[in-house]
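[1] When you get a sec, could you give me coordinates for this:
(chains A and B)
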There are 2 protein chains.
Amino acid sequence: MSKYAFGVDIGGTTVKLGLFEEAGTLLDKWEIPTRTEHCGEQILPDVAESIRAKMAERSITAQDVEGIGIGAPGAVDEHGTMVNGAVNLGWKPFNIPDTMKGYLDVPVKAANDANVAAFGEMWQGGGKGYANMVAVTLGTGVGGGIIVEGKILTGATGAGGEIGHMHVEDQETESCGCKNKGCLEQYASATGIVRLAKRRLAKDDAPSVLRDGEVSAKTVFDAVKANDALAIEVAEQFGDYLGKGLALVAAVVNPEIFVIGGGVSKAGEVLLTYVEPVFRKYAFVACRDAKFALATLGNDAGIYGAAGLILRKDA
Amino acid sequence: MSKYAFGVDIGGTTVKLGLFEEAGTLLDKWEIPTRTEHCGEQILPDVAESIRAKMAERSITAQDVEGIGIGAPGAVDEHGTMVNGAVNLGWKPFNIPDTMKGYLDVPVKAANDANVAAFGEMWQGGGKGYANMVAVTLGTGVGGGIIVEGKILTGATGAGGEIGHMHVEDQETESCGCKNKGCLEQYASATGIVRLAKRRLAKDDAPSVLRDGEVSAKTVFDAVKANDALAIEVAEQFGDYLGKGLALVAAVVNPEIFVIGGGVSKAGEVLLTYVEPVFRKYAFVACRDAKFALATLGNDAGIYGAAGLILRKDA
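    Numbers count the residues shown, from 1 in each chain, chains lettered A, B, ... in the order given. Next up, the predicted model:
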C-alpha cells in the first residue's frame, strides 16, 4: 500500500508544508504562520498539529507515514541539530528530530533549508537525473547547495556550499552582510545587480531606460531584453563575476550540472547566456562540460527536498 | 587472525607498494620500475607478480588478504575505471579492478593517485581524526584531494579537488599547463614560487641572497628563514594567493582541516605563517576556524591511502 512523507520548509514568516506520496508526487501543499515569539517554542508543535490535522483529513495513519523531512534556516549538522540555533526563528541550539518526536511519533530528518532546496531540485526539479549538482540561488543573497553522489554536502560547520561568500573582488570598498568585502553575493545577487547597475549609471551619462524609475534585478534584465546597451554592460559584469565564481566551484567539486534558481533566475534563459560563456572560458578543462539549467520548483523546492530526505532511498 | 592489505601507488617511473596490517600499520614497503612500453600492458601484471612474491616471502595466503588498493595517475571513476587512460603510463581507458582480478584473485579498489594520497593523510597522517579534509599538494603543480565525511570526493569526471586550476589572477599573461591563464598553480607550486621570485628579482635592484645561485622553492624559503626581505615579499605573495585560494575552497566544502603536503611543504611550519593569516582574513566566518596542518606521510601517502581504500571501514 502507498506510503507518504511530509516536507516542511520553515521560514521566518511562514512554514510551508507538503504531502508527498512515495514516488515523489506532491499531493497537497499549504502554509501556516511561523510563531517566533517565546524563542520560537511553538513552531514545531504547530507543525506537528498541522500535519496531524492533514493526516486526519485524508485518513492517513502514522503507519502510512514514512517520515517528516524538515528544512530550517541555519546550520544543521548530520544529526539534525541546529548548531547555532536560528536567529530569525528565535531558536537556540537544539536537536530537531529528537524534539519533533515528542510531538509526533514518526521518523524525522532535518537539514539546512538552502541545502534541502538544492536536494529538492536534484530529486524532482532542474537537476533531476544528476547525482553531482551545485544549486545556486540568486535572491537577496547568493546561496548554494552542493550535492555529491546524491547526498547533501553539509560541511564541518554546516557551511558547505556557502558560495555567495567566496571572495572574488579585491577592490571592493563596501562590506558584505558577512562583514567581509568582495563576496560573490555583492555582485551576483538581486542586491548585487542593483549595486552594479547604480555604479554603472553613476559612471557617466550614457543613456539607459534604467535612468527612469526604480532599478532592480528585474528592470535590469527587462532592459537587457530590450537591448539597452548600459543594462547589457551590467549583465556582462554580473555574468563575469558569476561565471568565474562557478568556475572556481567546479574546480573544487566538479559537478555534472549547475541549477540556477532564486528570484533573479526569473529573468529566464537570457541569464545563462551571460554566465555560461564566462564559465566555459575560466573552468578547468576537465570540469568545463558541466551543464547549466534553471531551477524548476520555485518556492516548492524546500518542501520537495525535505520530503526527499525521507523518500529518496540513498538520501 | 590478522588480515592484510596491499597499497599500490603507480607513478610514471616507479610503482610503490606497501604491505599493511588491518589496523593500518605499514609492515613493509618496496618499489618496482614502471614498465610503460607497449601501452603499459605489463604494469598490472608486474604489480600482481610483486605482490604474489611478497605473499610467498611472508607466508600470506590469499585468504589473509582483504584486498589491494591502487592509486593511479589520471581520472578514475567510482568503479575504478580509468576514464581517459593515463598518458604517462601509456594506458588507454580500462577498468583496473576487473583487469587486476585476472592476475590475482583478491578484491581490488582503485582511485586517482592525488585523491588516494589525500585519503592516506586523513587515515594515518596529518589529517588523522578528521572526516572533512582538504589535502593540498604543493609540488611541481598544485594538487588537491577532498574528503567529505570520510569519503573521497571524486566529482563528475574525476576532477574533484583540482584546486590548482582555480582561476585566481586576471592579469596573468603566461599560460598554465592546462592552457588557462591565472591558475592557482602558477603561483603556489614550486614552479610558481620560482616564477614569483624571478618576477620580483627583475622588478628592481633590491638586494637578496636569491640573486646568487639557483632560485627554487627551497632557496626562497631558506632565504625567508634567514630574514631576506625580498624573499619574504615573495613568500607573502605566495601566501596571499594560496590563503585566498583556500578561503574559496572553504566556502565550497567547509572542511575541518587543510593538510598541506608536497615538496614545497618541506619548508615546514614557516610556510603556514604566510598562508593561515590570509586564509582567516578572507574565509567566510562559518568556515574560518578550519585547522591547518602539514602532511606527515611524505611519499608514502599514496600507499597508505591505497591500503586505506581497503581497510578503512567506511571508505
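
[2] and the residue with the largest distance to the centre of chain A, helix, strand or coil?
    Centroid-distance maximum for chain A: A:Asp205 at 37.1 Å, with C-alpha atoms, centre = their mean. Here A:Asp205 is recorded as coil under DSSP: H, G, I helix; E, B strand; the rest coil.

[3] near chain B, which residues of the stretch 51-200 of chain A show up?
    Selection of the stretch 51-200 of chain A residues close to chain B by C-beta under 8 Å from any C-beta of the partner chain yields A:75, A:78, A:132, A:144, A:146, A:148-149, A:153-163, A:165-167, A:178-180, A:183. Every C-beta, even on glycine, is put in place using the N, C-alpha and C of the backbone.

[4] Among those, which lie within strands?
    Mapping those onto strands (DSSP state E) picks out A:144, A:146, A:148.

[5] neighbour-wise, which of those leads?
    The residue in these with the most neighbours, by other C-beta atoms under 10 Å in any protein chain shown, is A:Ile146 (28 neighbours).

[6] check contacts around that residue.
    Residues near A:Ile146 by C-beta atoms under 8 Å, 6 or more residues apart in numbering or on different chains: A:115, A:118, A:133-135, A:152-153, A:160-161, A:253, A:255, B:252-253.

[7] who does it bridge with?
    Beta bridges link A:Ile146 to A:Val134 when assigned by DSSP bridges.

[8] Torsion angles phi and psi at A:Gly18?
    phi -140, psi 140 (degrees, to the nearest 10).

[9] Please report the distance of the spatially closest residue to it that is not a sequence neighbour from A:Gly24.
    The shortest distance from A:Gly18 to any non-neighbouring residue, by C-beta to C-beta, 6 or more residues apart in numbering or on different chains, is to A:Ile303 (3.5 Å). A:Ile303 sits 12 Å away from A:Gly24, going by C-beta to C-beta, to the nearest Å.

[10] Identify the contacts common to the two.
    Counting by C-beta under 8 Å, 6+ apart, no residue touches both A:Ile303 and A:Gly24.

[11] Those two: who's more crowded?
    Using other C-beta under 10 Å as the criterion, A:Ile303 and A:Gly24 rank with A:Ile303 on top: 29 against 16.

[12] ok, that one to chain B distance?
    From A:Ile303 across to chain B, the span is 25 Å (C-beta to the nearest C-beta, to the nearest Å).

[13] now A:Ile260
    16 Å.

[14] Secondary structure of that residue: a strand, I assume?
    Yes: membership of A:Ile260 in a strand is supported by three-state DSSP.

[15] Correct me if wrong: it contacts A:Leu138.
    Yes: assessed by C-beta atoms under 8 Å, A:Ile260 is found in contact with A:Leu138 at 6.6 Å.

[16] who's more crowded, those two?
    Higher neighbour count among A:Ile260 and A:Leu138: A:Leu138, with 28 against 23, using other C-beta under 10 Å.

[17] Report the secondary structure state of the residue nearest to A:Gly18.
    helix.

[18] ditto for A:Gly7
    Once three-state DSSP is applied, A:Gly7 turns out strand.

[19] Which residues does it form beta bridges with?
    Counting by DSSP bridges, the residues bridging with A:Gly7 are A:Gly18, A:Gly69.

[20] so what's it up against?
    Residues in contact with A:Gly7 (C-beta under 8 Å, 6+ apart) are A:17-18, A:20, A:68-69, A:71, A:120, A:302-308, A:310.

[21] what's the distance between it and A:Gly69?
    Counting by C-beta to C-beta, the gap from A:Gly7 to A:Gly69 is 5 Å.

[22] between the two, what contacts are shared?
    A:305-308, A:310.

[23] Please narrow the residues you listed to those residing in helices.
    Judged by DSSP state H, the shared contacts of A:Gly7 and A:Gly69 include A:305-308, A:310 as members of helices.

[24] Give me the spatial nearest neighbour of A:Ala286, chain neighbours excluded.
    Nearest non-adjacent residue to A:Ala286, counting by C-beta to C-beta, 6+ apart: B:Ala159, 3.7 Å away.

[25] what residues go with each domain of chain A?
    Taking automatic domain parsing as the criterion, chain A consists of the domains A:4-120+A:300-311, A:128-296.

[26] Adding mean pLDDT as columns, could you present those domains in CSV?
    Formatted as CSV, the domains of chain A follow (pLDDT from 0 to 100):
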stretch, mean pLDDT
domain A:4-120+A:300-311, 95
domain A:128-296, 96
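
[27] Relative to B:Asn227, tell me which of those domains wins on proximity.
    Taking C-beta to C-beta, domain A:128-296 is the member of the domains of chain A nearest to B:Asn227, at 27.9 Å.

[28] Could you pull out the strands in the stretch 1-150 of chain A for me?
    A:4-10, A:14-21, A:26-33, A:65-72, A:81-82, A:94-95, A:108-112, A:133-138, A:142-148 (DSSP state E, counting those that start in this stretch).

[29] Of those strands, give the one that comes closest to A:Leu294.
    Judging these by C-beta to C-beta, what sits closest to A:Leu294 is strand A:133-138, at 10.4 Å.

[30] quick one: the closest one to chain centroid distance?
    Chain-centre distance of strand A:133-138: 7 Å, with C-alpha atoms, centre = their mean, to the nearest Å.

[31] Show me what it is packed against.
    Strand A:133-138 sits against helix A:113-124, strand A:142-148, helix A:229-253, strand A:257-261, with contacts defined as 3 or more C-beta pairs under 8 Å, 6 or more residues apart in numbering or on different chains; DSSP states H and E.

[32] Save the ones you listed as TSV, and put in distance to A:Asp105 too.
    Shown next, in TSV, are the helices and strands packed on strand A:133-138 (distance: least, C-beta to C-beta, whole Å):
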stretch	distance to A:Asp105
helix A:113-124	22
strand A:142-148	30
helix A:229-253	37
strand A:257-261	34
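
[33] residue contacts, the residue sitting nearest the centre point of chain A?
    Using C-alpha atoms, centre = their mean, the residue of chain A that lies closest to the mean C-alpha position is A:Ala114, 3.9 Å off. Applying C-beta under 8 Å, 6+ apart, we find A:Ala114 in contact with A:135, A:137, A:143-145, A:161.

[34] Over to A:Ser208?
    Here A:Ser208 is in contact with A:201, A:223, A:228-231 (C-beta under 8 Å, 6+ apart).

[35] which bits of the stretch 201-315 of chain A sit near chain B?
    Counting by C-beta under 8 Å from any C-beta, the stretch 201-315 of chain A sits next to chain B at A:244, A:247-249, A:251-256, A:282, A:284-287, A:289-290.
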